[in-house]
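>>> My questions are about this predicted structure, shown below with the sequence.
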Amino acid sequence: MSTTKDKEFDYQAHMRENAPDSTKIHCGQGARQERRKVEKTRITIRVDAEIVEQFKQMVPHGRGYQSLINQALQEWLAARGVKELLKEELPSILLKLVSEIQASPGVVST
């Protein structure tokens with residue numbers, strides 16, 4: 001399911017509460033060698049200029065903003081996965097909890 005079509009998922013609010021950590025973006029030769037170890041795919045996408053500018057402002061001298069965009073996408077996918085997991089598992093957890101509460105001695109059922 002695409003969260004872009006899900007009206008309940010507010011990505012902008014999520015990113016305000018869970019902003020990417022720009023301190024995790026590393027520059028220099030050692031960082032480049034580490035990044036080369038991770039397989040990445042080169043693509044071309046069109047992104048709003050204001051989005052690119054905001055990411056550039058989050059890193060020193062605007063360097064490493066593409067890695068920061070990559071990190072934001074990874075975190076978005078992780079948040080989406082948690083959301084889907086909760087959507088699938090929460091009803092059964094709540095039903096189990098209600099049954100346990102009702103089965104407990106001294107609990108008055110209404």
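Thanks, I have the structure now. Keep in mind that what you see is a predicted model, and the values were worked out from it rather than measured.
>>> so where do the helices sit in this protein?
Remark: helices assigned in the chain by DSSP state H are 11-17, 29-37, 49-57, 65-103.
>>> closest to Ile43 out of those?
Ranking the helices of the chain by proximity to Ile43 (CB to CB) places helix 65-103 first, at 10.9 Å. No exception for glycine: its C-beta is placed from N, CA and C like everyone else's.
>>> Tell me the buried residues in that closest one?
Along helix 65-103, the positions that meet the burial threshold by neighbour count (16 or more other CB atoms under 10 Å) are Tyr65, Ser67, Leu68, Ile69, Asn70, Gln71, Ala72, Glu75, Trp76, Ala79, Arg80, Lys83.
>>> Pick out the lowest-pLDDT one from those residues.
Least confident of the buried residues of helix 65-103 in the model: Lys83, at 82.
>>> didn't that one look like it was pressed against Asp10?
No - between Lys83 and Asp10 there is no contact, the gap being 11.0 Å when judged by CB atoms under 8 Å.
>>> Take the helices of the chain and write them to a markdown table, including distance to Thr23.
As requested, the helices of the chain are exported to a markdown table (distance: least, CB to CB, whole Å):
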| stretch | distance to Thr23 |
| --- | --- |
| helix 11-17 | 17 |
| helix 29-37 | 13 |
| helix 49-57 | 15 |
| helix 65-103 | 11 |
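>>> Pull the contacting residues for Ile69.
Going by CB atoms under 8 Å, 6 or more residues apart in numbering, Ile69 touches Val47, Phe55.
>>> Next one: it from Gly28, what distance?
Separation of Ile69 from Gly28 (CB to CB, to the nearest Å): 19 Å.
>>> Just the C-alpha atoms of the worst-scoring helix or strand of the chain on mean pLDDT, please, in CSV.
Ranked by mean pLDDT, DSSP states H and E, the weakest helix or strand in the chain is helix 29-37, scoring a mean of 74. Taking Å, rounded to 0.1, in the frame of the first residue of the first chain, the C-alpha atoms of helix 29-37 are listed here in CSV:
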residue,chain,number,x,y,z
GLN,A,29,38.2,10.1,1.7
GLY,A,30,37.4,7.6,4.5
ALA,A,31,33.6,8.3,4.1
ARG,A,32,33.9,7.9,0.3
GLN,A,33,35.5,4.5,0.7
GLU,A,34,32.8,3.4,3.0
ARG,A,35,30.1,4.6,0.7
ARG,A,36,31.7,2.7,-2.2
LYS,A,37,31.2,-0.5,-0.2
